[in-house]
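Asker: Any chance you could fold what I've pasted below:
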Amino acid sequence: MRRCGLRDVWSKGQGAIGGWCAIGSGFVAEVMANQGWDCVTIDTQHGLIGYSEMLAMLQAVSTTEATALVRVAWNTPGEIMRALDAGAAGIICPMISSPAEAEAFVGACRYPPQGYRSSGPTRASLFHGPDYMERANDEVIALAMIETREGLDRVEEIASTPGLDGIYVGPSDLSLALGGPPGQDSQDPMRLQAFEKILAACRKAGIKAGVHTGGVAYSQQMLAMGFDLVSVGSDTRFLGAGRREAADMRGWLKGRG
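Answerer: As a prediction, this is how the structure comes out:
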């Protein structure tokens, strides 16, 4: 089976950097994966991506060295298994609020006896190799998102779930749950305190911690804080940066009368 590149980064004690895809396009995913990220996440929760688009995007990312992750829409076993069967090297699962939910999530990612994943790695065995089913339990990455007050309150229990590889923080939803505003890259002390609590739980359990970020400076701050994975930027944000060029051109045209 192909060794998971993201695990290799972590095994060297390094922080990993990721790109994020919300646009349902194989070519966009290919462009993102060629930018030098350690991993690229295909977002089927808030991204405009269906199963066929996800499959094409996984195929596109697989032409590069980047590890392909999928954020599923919900903690639904069938959806998790389909993404893995399509070749995802790991799953990010939103809104995990209890140990029972974490256990159900991990179980969907693991074949028996560690879990209850169904056998049928249609594309996964083609891409990852004929020994996929023998080694998948050790290689597939399972990241549970902490985004609710209950999840934060029970983060130590969640982090200790057998087979869970890490926790990935959804800062916008977590802030809303704690009574704050949504958004990324906040210096709000309440949010940073919640991050510290999550990091401490991950360290205690010996698992990784990731966080969704929206820019280079904040990503660097989070890695320095102790996170093991940051998602630095998304396809939609990079496209949106074009408004600066459009504004510059409008200003130039206006100056010409």
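
Asker: From now on I want contacts and neighbour counts done on CA atoms only, so please keep to that.
Answerer: OK.

Asker: list the helices and strands the helix or strand hosting residue 158 packs on?
Answerer: Assigned by DSSP states H and E, residue 158 falls within helix 155-159. Here helix 155-159 touches helix 99-109, helix 189-205, going by 3 or more C-alpha pairs under 8 Å, 6 or more residues apart in numbering; DSSP states H and E.

Asker: Just send those back as JSON lines, with mean neighbour count too.
Answerer: Putting those into JSON lines (neighbours: other C-alpha atoms under 10 Å) gives the following:
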{"stretch": "helix 99-109", "mean neighbour count": "22"}
{"stretch": "helix 189-205", "mean neighbour count": "18"}
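
Asker: I'd like those written out as TSV, with distance to residue 89 and mean pLDDT added.
Answerer: Shown next, in TSV, are these (distance: least, C-alpha to C-alpha, whole Å; pLDDT from 0 to 100):
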stretch	distance to residue 89	mean pLDDT
helix 99-109	10	98
helix 189-205	21	98
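
Asker: And these: which comes nearest residue 152?
Answerer: helix 189-205 (7.2 Å; C-alpha to C-alpha).

Asker: Put the alpha carbons of the closest one into PDB.
Answerer: Taking Å, rounded to 0.1, in the frame of the first residue of the first chain, the C-alpha atoms of helix 189-205 are listed here in PDB:
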ATOM      1  CA  PRO A 189      -8.800  35.200  23.900                       C
ATOM      2  CA  MET A 190     -11.800  32.900  24.300                       C
ATOM      3  CA  ARG A 191     -11.000  31.100  21.000                       C
ATOM      4  CA  LEU A 192      -7.300  30.800  21.700                       C
ATOM      5  CA  GLN A 193      -8.100  29.400  25.100                       C
ATOM      6  CA  ALA A 194     -10.300  26.800  23.500                       C
ATOM      7  CA  PHE A 195      -7.400  26.000  21.100                       C
ATOM      8  CA  GLU A 196      -5.100  25.500  24.100                       C
ATOM      9  CA  LYS A 197      -7.600  23.100  25.700                       C
ATOM     10  CA  ILE A 198      -7.800  21.000  22.500                       C
ATOM     11  CA  LEU A 199      -4.100  21.000  22.100                       C
ATOM     12  CA  ALA A 200      -3.600  19.800  25.700                       C
ATOM     13  CA  ALA A 201      -6.100  17.000  25.100                       C
ATOM     14  CA  CYS A 202      -4.400  15.900  21.900                       C
ATOM     15  CA  ARG A 203      -0.900  15.900  23.600                       C
ATOM     16  CA  LYS A 204      -2.300  13.800  26.500                       C
ATOM     17  CA  ALA A 205      -3.800  11.300  24.100                       C
END
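
Asker: What's the first helix or strand after it?
Answerer: For helix 189-205, the succeeding helix or strand toward the C-terminus, using DSSP H and E, is strand 208-212.

Asker: That next one pairs with which strands?
Answerer: Next to strand 208-212 in the sheet, as set by DSSP bridges, lie strand 166-169 (parallel), strand 229-234 (parallel).

Asker: and the angle for that strand with helix 189-205?
Answerer: Strand 208-212 runs at 150 degrees relative to helix 189-205, counting by axes from the mean of the first three to the mean of the last three C-alpha atoms, to 10 degrees.

Asker: What mean pLDDT does strand 208-212 get?
Answerer: In this model, strand 208-212 has an average pLDDT of 98.

Asker: and that strand, which residues are buried?
Answerer: By 16 or more other C-alpha atoms under 10 Å, the buried positions in strand 208-212 come out as 208-212.

Asker: In the stretch 1-150 of the chain, what residue spans correspond to strands?
Answerer: Secondary structure of the stretch 1-150 of the chain, counting by DSSP state E, counting those that start in this stretch: strands at 16-21, 39-43, 67-71, 90-93, 141-146.
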